[in-house]
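Engineer: When you get a sec, could you give me coordinates for this:
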Amino acid sequence: MKILAIGDIVGDLGLKKLSELLPKIIEKENIDFTIVNAENTSGGMGLTQKDFDTLQKMKIDVFTMGNHTWGKKDIFSFIDNPKLLRPANYSKGVPGKGYNIYQCKDKKIAVINLIGRTDMNILSENPFLLAKDLVAKLQKEADIIVVDFHAEATAEKIAMKHFLDGKITVLFGTHTHVQTADAEITEQGAGYITDLGMTGAINSVIGMDVKASIKRFVTSLPERYKLAEGNAMLNGCVFEINDDNCKTEKIYAISYK
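Structural biologist: Residues are numbered from 1 along each chain as shown. Model (predicted):
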């Protein structure tokens, strides 16, 4: 089993790059199951019905979200789509699902979407405590468990890796939009990378226009972000899973420009 995880899609440029490269990557890498973080797809914040319809035409099995889940209000009309996940540790009572189980070949794959609490400014439950309960439940229902931990702090993501080691198959981080160089297989056979990176403009500040971003830092005044233009890149990671023990036996980051 080969699972492909692709980092945050940023704007139309990222969406176009994904549409162009995804079929080629799936064929080249012999991918069985694909997960894409889509929380920045529409205008850099959120996901519209139009863009979700475009994404659904691609060979993608699961879409995960994050702190910009509610960035576009029409998401409430399709948040219950079984392929779309929002962070499971959002406050109780919000619409949508934080995890689901999918069938791929002869395996049941559980995917969990979590959001971190360090420097995120999002009201959420403790992701560690919820993850513990969810994983214990899903270990009885699924063969493979994959976690997208949408978090700012590398320390929080690494701590989650150790916290869930031996209980899950894959844990990857999203949100910071910068691909990290720490793809590894843990002592107990979980595939891990702190951040997948992003799919968006190369000449940018995490997908946003360079001049507008610099002005915010130089002046400390609010400056409206705008999406960067130009050439795009696609970042992600491939996890090769052993079909017998459902542990990760190979992992490698990918980056296309």
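Engineer: before we move on, which element is the closest residue to Pro222 other than its chain neighbours in?
Structural biologist: Sequence neighbours aside, Arg216 is the residue nearest to Pro222 in space, at 7.4 Å (criterion: CB to CB, 6 or more residues apart in numbering). (C-beta placed from N, C-alpha, C; glycine too.) Using DSSP states H and E, Arg216 sits within helix 210-219.
Engineer: That helix packs against which elements?
Structural biologist: In terms of contacts (3 or more CB pairs under 8 Å, 6 or more residues apart in numbering; DSSP states H and E), helix 210-219 is packed against no helix or strand at all.
Engineer: on that earlier part again, near the residue nearest to Pro222, how many other residues are there?
Structural biologist: 15 (other CB atoms under 10 Å).
Engineer: OK, contacts around it?
Structural biologist: Each residue near Arg216 by CB atoms under 8 Å, 6 or more residues apart in numbering is listed here: Pro222, Glu223, Tyr225.
Engineer: and which of these is nearest Asp133?
Structural biologist: For those, the closest approach to Asp133 (CB to CB) belongs to Tyr225, at 36.2 Å.
Engineer: if we can go back for a sec, how far is the helix holding Arg216 from where the chain is centred?
Structural biologist: Taking CA atoms, centre = their mean, to the nearest Å, one finds the center of helix 210-219 at 27 Å from the center of the full chain.
Engineer: Quick check: neighbours of the helix or strand following it in the sheet, parallel or antiparallel?
Structural biologist: As assigned by DSSP H and E, the chain's next helix or strand after helix 210-219 is strand 232-241. Sheet pairing of strand 232-241 (DSSP bridges) gives strand 2-6 (antiparallel), strand 198-201 (antiparallel), strand 248-256 (antiparallel).
Engineer: what's next to the shortest one, contact-wise?
Structural biologist: The set of residues external to strand 198-201 that reach it, using CB under 8 Å, 6+ apart, is 6-11, 13-14, 17-18, 40, 177-179, 206-207, 227-236.
Engineer: Out of the contacts of Arg216, which is nearest to Gly66?
Structural biologist: Among those, and counting by CB to CB, the member closest to Gly66 is Tyr225, at 16.1 Å.
Engineer: and the gap between that closest one and Lys105?
Structural biologist: Distance of Tyr225 to Lys105, given as CB to CB, to the nearest Å: 41 Å.
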